[in-house]
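Asks: got a sequence here, can you build the structure:
(one chain, ligands or ions: 1)
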Amino acid sequence: MSSPRIRALLRLGVVAAVAAAAGLAGTTSASAIPAGAPKVGMVCEPGTASAGTRTFNLVANAGYISTPDGNAVYVWSYANADAPDNGHFQEPGPVLCVNQGENVVVNLRNTLPEATSIVFPGQEGAVAASGGSAGLLTTEAAVGNGTVTYRFTAGSPGTYLYESGTDVSKQVEMGLEGALVVRPTGHADYAYDASTRFDPSREYLLLLSDIDPDLHHAVELAYGATPPSPPPGYDVNSLRNRYFSINGREFPDTIQDNGSSLLPNQPYGALVRIQPNSSSNQLPSLIRMINVGALNHPFHPHGNHTRQIAQDGRPLRTPTGGDASTEHFGETIGAGQTQDFLLRWDDTDNFNPANNPYPVAPPNYLNVTFKDNSTWYSGSPYLGYKGTLPTGVTTQNICGEWYFPLHSHALNEFTNYDQGFGGMGTLLRVDPAGGCSAPVASAALVGGTLKSGSVSALSAADTAYYQINPKTTTRTSATNATQTSITVASASGFPTSGTYYVRVDNEVMAVTGGQGTTTWTVGRGQLGTTAATHSSGAAVSALATDWYAGFTGIPAGAQSLKVTYTGKNCATTTGTTCTALTTNVPQQTVRICDWTIAGATGCTAVAGPGAAGWVTLPAPPAQPQGVGSSDVSSTWNLPVNAAQYIGTGSSKGQVRVLVHTQRWTASSPTPFSTWGNLMKIVYDAP
Ligand SMILES: [Cu+2]
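Replies: Numbering: from 1, shown residues only. The predicted structure is shown next:
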């Protein structure tokens, strides 16, 4: 009944393209989550903090969630009255993040058709309630906007749940649930103590719950505008769950971004996205898990073990206080339990096709078939590489990243209404170390001449260089010391606009007119040199080189662009020996093409350092940099919004990075040669 929609959702690329075409591309619509929240990972609701007290305003309300098989299920939940959407329905409730020792105030307003409440299991101190009326387990907020206020002191750090304390078997199943995270004092990067330190940018929450749509439908009918008479009954003893959720979503919806406009009432994604741990990326990720449902769930990661460090908000210790954390390739999370896991993922083999290939050849792509012509395989078995796939096969792998399932190993729960795969599953996404990267696909000289080397020399920091000499031409007639108009044999390779400098013998001239033609207007005796006579045929050489590297295949929506350039400058000797420039080191400026300034030409038309579109990469390091005969490697992080640097239309996916090198010399300006060793771009793929 539903497979077409499931397959469509599995082709996330297609969904994203359709959404973009419809103007829905923003993944963080005005929703339940705070502005600027990350698109992947746990989204904390900080509430309002004042003088040691943190206050949250929740509203219990009803709404609908969508399931991947096309169903809409009536759900009760807690919404955040302080959210940008002002308490719009969301499932599950907001993630309440508090600090150990804080006074926590939770104000609840009830818009449901029956009384409801909140309990906070695991808090050592008493939870005081004011307002409302006494219920069986706690104080309740009455029907018709009744309110109740709960107060407690945040106890031991850890992962906790909060849920309805009223008619629990019905109301919790209906969706009245959420996560409470207590952080240790002063350490947002500790789950508990120093031994549980994690990377705060890689913190994940997986809140597990179950749905019996018959129960939800019965409640919906009973409280509808015109309930049937008599109202429908429901026997909780016949509970049969059909949907199994993580963070209120079922797979494959679980892997959509936080705040996805496709799921306006289910703001929290469950994708776990990491990069390999290494000496430069030492901290593990933290996965907080909560089971608010009535069933136990044997949760199972693929691709690596996870290390359980805590249960029910208590770190795992031996009787004498030693470390009792354990690694698991599957761990059952009981109903009502919470468990915390650290995840390290080490690429110990570090295979790559160039110099550390697998000992056996991977199968030829022509001999591989893919179900439904859709795959989570990049065509290459190597992390960070893409290969060839059969025509018509859609790959979800943007840059050769790897995907592993994380799912309930009760496989009936890995379904949506009995149809697999779906339900209580998400993915572990492993991006290449440092992020996705693209190789240089082209290079162009815009103010220089190729000495030796090719684009491929820029793909690795090794002994191969892409070498550029300043452009040269010759005078076609003799020059006296006062002439301000000179002719040259060729203007090819010299800038076509802007003022630039050339050297003739020991004199520097400024070209101020006639750029792009062979007759130039020049200023004489520049930069401390003296105007002099020059013979016909005298060499004319530029005092700068400009060249750019072109990257292709950068996906729209890529973020956090990082450009690395490694290179040096040598005297313009022949051969491959770099003769050092001992004084007056050339100045290098690395720029990127801003396509919104340059338009479709992509900054190619002009080479001058101030040409429109070529934007200097932001410090640090500051530019220009003096670069001599040893390789200098610099990495620049671009502003978060990378869209203007990624080409569109006929230039789709192109990024261009320009290296401008100049040598503003005084007398006797010796020529130089620019040697590019590595040009690299790294980004966060969407
Ligand atoms: Cu499995």
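
Asks: contacts and neighbour counts: CA atoms only from here.
Replies: Fine.

Asks: which stretches in the stretch 351-500 of the chain count as helices?
Replies: Ranges of helices in the stretch 351-500 of the chain, per DSSP state H, counting those that start in this stretch: none exist.

Asks: pLDDT weak spots in it?
Replies: Judged against pLDDT under 70, the stretch 351-500 of the chain has no low-scoring part.

Asks: same check, this time on the chain
Replies: For the chain, the stretches flagged by pLDDT under 70 are 1-30, 231, 573-575, 604-611, 640, 665-670.

Asks: give me the three-state assignment for A218.
Replies: Following DSSP: H, G, I helix; E, B strand; the rest coil, we place A218 in the helix state.

Asks: quick one: it from P228, how far?
Replies: Distance, A218 to P228, using CA to CA, to the nearest Å: 10 Å.

Asks: any idea how far L205 is from S238?
Replies: Taking CA to CA as the measure, S238 falls 30 Å from L205.

Asks: more neighbours: which of A218 and P228?
Replies: A side-by-side neighbour count of A218 and P228, using other CA atoms under 10 Å, places A218 first with 17 against 11.

Asks: contacts only, for that one.
Replies: P232, G233, Y234 (CA atoms under 8 Å, 6 or more residues apart in numbering).

Asks: generate a markdown table for these, with distance to T338 as supplementary columns.
Replies: Below are these laid out as a markdown table (distance: CA to CA, whole Å):
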| residue | distance to T338 |
| --- | --- |
| P232 | 34 |
| G233 | 32 |
| Y234 | 29 |
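
Asks: quick one: which of those is nearest to R307?
Replies: Minimum distance to R307 across the contacts of A218 is 40.7 Å, recorded for Y234 (CA to CA).

Asks: excluding chain neighbours, what is closest to the residue most central in space within the chain?
Replies: Nearest to the centroid of the C-alpha atoms of the chain, with distances taken as CA atoms, centre = their mean, sits D684, at 4.2 Å. Spatial nearest neighbour of D684, chain neighbours left out: Q559 (5.1 Å); criterion: CA to CA, 6 or more residues apart in numbering.

Asks: just T394 next, same as before
Replies: The nearest residue in space to T394 (CA to CA, 6+ apart) is S374, at 4.7 Å.

Asks: for the one you found, grab the count of nearby residues.
Replies: S374 has 18 neighbouring residues, counting by other CA under 10 Å.

Asks: paired strands for the helix or strand harbouring V106, with orientation please.
Replies: Assigned by DSSP states H and E, V106 belongs to strand 103-110. Strand 103-110 sits in its sheet next to strand 53-66 (parallel), strand 146-153 (antiparallel), going by DSSP bridges.

Asks: out of those, flag the one nearest T116.
Replies: For T116, the closest of those is strand 53-66, at 7.8 Å, according to CA to CA.

Asks: CA atoms only for that closest one, dumped as PDB, please.
Replies: C-alpha atoms of strand 53-66 as PDB (Å, rounded to 0.1, in the frame of the first residue of the first chain):
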ATOM      1  CA  THR A  53      16.800  29.000  38.100                       C
ATOM      2  CA  ARG A  54      16.000  27.600  34.700                       C
ATOM      3  CA  THR A  55      12.400  27.900  33.600                       C
ATOM      4  CA  PHE A  56      10.500  26.000  30.800                       C
ATOM      5  CA  ASN A  57       7.000  26.600  29.600                       C
ATOM      6  CA  LEU A  58       5.300  23.600  28.200                       C
ATOM      7  CA  VAL A  59       1.900  23.100  26.700                       C
ATOM      8  CA  ALA A  60       0.300  19.700  26.400                       C
ATOM      9  CA  ASN A  61      -1.500  19.600  23.100                       C
ATOM     10  CA  ALA A  62      -2.700  17.300  20.300                       C
ATOM     11  CA  GLY A  63      -1.700  17.000  16.700                       C
ATOM     12  CA  TYR A  64      -0.700  14.600  14.000                       C
ATOM     13  CA  ILE A  65       2.600  13.000  13.000                       C
ATOM     14  CA  SER A  66       3.200  11.600   9.600                       C
END
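
Asks: circling back to that earlier point, which residues are contacting the strand holding V106?
Replies: Residues outside strand 103-110 that contact it (CA under 8 Å, 6+ apart): 52-61, 98, 116-117, 141-154.

Asks: from the chain's centre, how far out does it sit?
Replies: 34 Å (CA atoms, centre = their mean, to the nearest Å).

Asks: which of the residues in it are buried?
Replies: N103, V104, V105, V106, N107, L108, R109, N110 (16 or more other CA atoms under 10 Å).

Asks: ok, then the element right after it?
Replies: Using DSSP H and E, the helix or strand that follows strand 103-110 in sequence is strand 128-131.

Asks: what pairs with the next helix-or-strand element following that following strand, parallel or antiparallel?
Replies: Where DSSP H and E defines the elements, the next helix or strand beyond strand 128-131 is strand 133-134. Strand 133-134 sits in its sheet next to strand 139-140 (antiparallel), going by DSSP bridges.

Asks: what's next to the strand it pairs with, contact-wise?
Replies: Looking at what lies outside strand 139-140 - CA under 8 Å, 6+ apart - the contacts are A115, T116, S117, I118, A129, S130, G132, S133, A134, T147, V148, T166.

Asks: just stretch 166-177 next, same as before
Replies: By CA under 8 Å, 6+ apart, stretch 166-177 touches 60, 75-78, 91-93, 115-118, 135-138, 140, 161-164, 209-212, 216, 236, 292-294.

Asks: in helices, which of those fall?
Replies: H216 (DSSP state H).

Asks: just the buried ones from the contacts of stretch 166-177?
Replies: Neighbour counting with 16+ other CA under 10 Å marks 60, 75-78, 91-93, 115-118, 138, 140, 161-164, 209-212, 216, 292-294 as buried within the contacts of stretch 166-177.

Asks: just the ones of those in strands?
Replies: Using DSSP state E, the members of those that fall within strands are A60, V75, W76, S77, Y78, E140, L161, Y162, E163, S209, D210, I211.

Asks: isn't the fifth one right up against P92?
Replies: What that stands for is Y78. Yes - with contact defined as CA atoms under 8 Å, Y78 reaches P92; the gap is 7.0 Å.

Asks: who touches both of those two?
Replies: L176, E177, G178.

Asks: check contacts around the last one.
Replies: Just to be clear, that refers to G178. Y78, P92, G93, P94, V95, L96, L161, Y162, E163, L207.

Asks: so G165 touches P121, yeah?
Replies: No - the criterion here is CA under 8 Å, and G165 misses it with P121 at 10.0 Å.

Asks: spatially nearest residue to T415 (excluding sequence neighbours)?
Replies: G422 (4.1 Å).

Asks: what does stretch 304-318 rub up against?
Replies: With contact meaning CA under 8 Å, 6+ apart, stretch 304-318 is reached by 122, 156-160, 192, 196, 323-330, 337-345.

Asks: same question but for stretch 196-206, I mixed them up
Replies: Stretch 196-206 is contacted by residues 41-42, 188-191, 246-247, 270, 272-274, 283-290, 309, 342 when judged by CA under 8 Å, 6+ apart.

Asks: now do the strands in the stretch 451-600 of the chain.
Replies: Here the stretch 451-600 of the chain has its strands, by DSSP state E, counting those that start in this stretch, at 466-469, 472-474, 485-487, 500-504, 507-513, 519-523, 539-542, 544-551, 559-571, 587-593.

Asks: may I have the first one exported as CSV, CA atoms only?
Replies: Coordinates of each C-alpha in strand 466-469 appear next as CSV, following Å, rounded to 0.1, in the frame of the first residue of the first chain:
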residue,chain,number,x,y,z
TYR,A,466,52.5,22.9,-10.7
GLN,A,467,54.9,25.6,-11.7
ILE,A,468,54.1,29.0,-13.1
ASN,A,469,56.4,31.7,-14.4
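
Asks: which helices and strands sit right next to it?
Replies: Judged by 3 or more CA pairs under 8 Å, 6 or more residues apart in numbering; DSSP states H and E, strand 466-469 is in contact with strand 449-452, strand 672-684.
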